[in-house]
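Enquirer: Here's my sequence, what's the structure:
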Amino acid sequence: QVQLVESGGGSVQAGGSLRLSCAASGYRTYSMGWFRQAPGKEREGVAAINSSGSTRYADSVKGRFTISKDNAVNTLYLQMNSLKLEDTATYYCAADVRRWWSWFDSSQYNYWGQGTQVTVSS
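Expert: Predicted structure coming up:
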């Protein structure tokens, strides 16, 4: 049974940083991604990483967020710097993308975490 558990969310002022973690059990960290969903908005892909270490980012976070994984401890990370008000959302970890070129499509992932809240204030 695959379980994904996010942590590291919280409240931060604009310009600050947070690092999210996603501990995976029952799944090797081959292809995983981060999504976020703000109230009243659709879930959107933020970043993804595959088994080769290739990464993809949404344009809105390029240069500010970094996705990485530690296969030894089956953990996915999202380092978020220069946070903006519009980054406020619930962030979800997702695993096992079926088509890498559709990494931003939430329907392509088989497993999901429960989410962690990130709130950026001015």
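Enquirer: show me the contacts for the residue most central in space within the chain.
Expert: Centroid check for the chain by C-alpha atoms, centre = their mean gives residue 34 as the closest residue, at 2.1 Å. Applying C-beta atoms under 8 Å, 6 or more residues apart in numbering, one finds that residue 34 lies in contact with 20, 22, 45-48, 67, 76, 78, 91-94. Where you see a C-beta, it was placed from the backbone N, CA and C, and this is true even at glycine.
Enquirer: Among these, which one lies nearest to residue 117?
Expert: residue 91 (7.7 Å; C-beta to C-beta).
Enquirer: That closest one bridge partners, please.
Expert: On DSSP bridges, the residues paired with residue 91 through beta bridges are residue 36, residue 116.
Enquirer: Residue 79 now?
Expert: Beta-bridge partners for residue 79, by DSSP bridges, are residue 19, residue 66.
Enquirer: count of residues packed around the residue lying closest to residue 1 once chain neighbours are set aside?
Expert: The shortest distance from residue 1 to any residue other than its chain neighbours is 5.1 Å, reached at residue 26 (C-beta to C-beta, 6 or more residues apart in numbering). Number of residues near residue 26 (other C-beta atoms under 10 Å) recorded here: 11.
Enquirer: Contacts only, for residue 26.
Expert: 1-3.
Enquirer: Please repeat the previous calculation with a cut-off of 10 Å.
Expert: In this structure, residue 26 makes contact with 1-4, 74, 95, 111, judged by C-beta atoms under 10 Å, 6 or more residues apart in numbering.
Enquirer: The residue nearest to the centre of the chain - nearest residue in space that isn't next to it in sequence?
Expert: With C-beta to C-beta, 6+ apart as the criterion, residue 34 has its nearest non-adjacent residue at 4.4 Å, and that residue is residue 46.
Enquirer: Let me know the pLDDT of that neighbour.
Expert: The confidence metric pLDDT takes the value 98 at residue 46.
Enquirer: start at 26 instead
Expert: From this message on, residue numbering opens at 26, which makes the last subject residue 71.
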